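S.K.: Here is the input, now give the coordinates:
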Amino acid sequence: MSWPRPDPRRPGARPSPRRLALLLLLACALLACAASLAAPARTLRFEQFSVEQGLAQESVLAVAQDSDGFMWFGSQAGLSRYDGYRVHNYRNAVNDRRSLADNWVRVLHVDHAGRLWVGTDGGLDRFDPATQSFSHHLPPEPARRGNGNRHVRAIVGDGGRGLWLATGDGLQHLDTDSGKFTIYHHDKDDPASLAADDVHALARDAGGRLWVGTAAGLDSLAPGAAGF
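M.R.: Got it, this is the predicted structure:
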């Protein structure tokens, strides 16, 4: 004698395994949703790092990480290196020509070879980790308008072995192999010249075009072009 199978359409009938699985998934989803609604919102927590931990100065103007993993911080009172445990500060020393060119450090850049370049208000420096000293790279023109062409405000790679530098008195290009500078200034008689000598920002896009933010607007320089 065989018993009749339960009819799922009748009250009290046993649900099928597939229906039980769907009900279980739905219950889990509802529980997860309720838990997320009840959980407190996540908040960001910042750790403070100041002169008490060894930083040269609290007005940090630039941050970079080098190829060895060290963190570098440029400030208004020198350059700081942090190894995860302690801070070492680099400053200008009047009687040491291999010290930092100037204590006002505005920008830091790590190039394709992992070298650290330091843009200061006294010119461009390159750090030598072997000697823990700096080599200075200055344009072959006299200081103009209050040393503006030594005030390095931005650094960007040229896609090869050179660097573009934004300064307070013109745009500069440095060939890092030869040390040769090429300098661009505004010329009121040349509409294809730099819009203004007061250069604040630089960027190089995926096509190799250089974008130059000046006090008189935005310029761009196509790869291989002679004019802006």
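S.K.: Okay, now the unreliable bits of the chain?
M.R.: 1-16, 20-21, 23, 32-41, 143-146 (pLDDT under 70).
S.K.: Which residue ranges of the protein form helices?
M.R.: Secondary structure of the chain (DSSP state H): helices at 17-38.
S.K.: gap between the two ends of stretch 191-211?
M.R.: 17 Å (Cα to Cα, to the nearest Å).
S.K.: and what of stretch 202-214?
M.R.: Length of stretch 202-214, first residue to last, Cα to Cα: 9 Å.
S.K.: Likewise for stretch 66-79?
M.R.: End-to-end for stretch 66-79, by Cα to Cα: 14 Å.
S.K.: chain center to stretch 174-193: distance?
M.R.: Offset of stretch 174-193 from its chain centre (Cα atoms, centre = their mean, to the nearest Å): 25 Å.
S.K.: Stretch 80-92 now?
M.R.: Per Cα atoms, centre = their mean, the centroid offset for stretch 80-92 relative to its chain is 19 Å.
S.K.: same question, stretch 86-93
M.R.: In terms of Cα atoms, centre = their mean, the centre of stretch 86-93 is found 21 Å from the chain centre.
S.K.: isn't residue 50 right up against residue 58?
M.R.: Yes. Counting by Cβ atoms under 8 Å, residue 50 does reach residue 58; the two are 5.2 Å apart. (Glycine included, C-beta is placed from N, CA and C.)
S.K.: Comparing the two, which residue is more hemmed in?
M.R.: residue 58 (13 against 10; other Cβ atoms under 10 Å).
S.K.: residues touching the more buried one, list them.
M.R.: Listed by Cβ atoms under 8 Å, 6 or more residues apart in numbering, the contact set of residue 58 reads 50, 51, 75.
S.K.: Dump those into JSON lines; add distance to residue 26 as well.
M.R.: Below are the contacts of residue 58 laid out as JSON lines (distance: Cβ to Cβ, whole Å):
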{"residue": "50", "distance to residue 26": "52"}
{"residue": "51", "distance to residue 26": "57"}
{"residue": "75", "distance to residue 26": "57"}
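S.K.: Would you tell me which one of those residues comes nearest to residue 188?
M.R.: Distance to residue 188, by Cβ to Cβ, is smallest for residue 75 among those, at 37.2 Å.
S.K.: Please save the CA atoms from stretch 106-113 in PDB.
M.R.: The C-alpha trace of stretch 106-113 is given here as PDB (Å, rounded to 0.1, in the frame of the first residue of the first chain):
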ATOM      1  CA  ARG A 106      58.400  72.800  -2.500                       C
ATOM      2  CA  VAL A 107      58.400  69.600  -4.600                       C
ATOM      3  CA  LEU A 108      59.800  66.100  -4.700                       C
ATOM      4  CA  HIS A 109      60.100  63.800  -7.700                       C
ATOM      5  CA  VAL A 110      61.400  60.200  -8.100                       C
ATOM      6  CA  ASP A 111      62.600  59.600 -11.700                       C
ATOM      7  CA  HIS A 112      62.600  56.500 -13.900                       C
ATOM      8  CA  ALA A 113      65.900  55.400 -12.300                       C
END
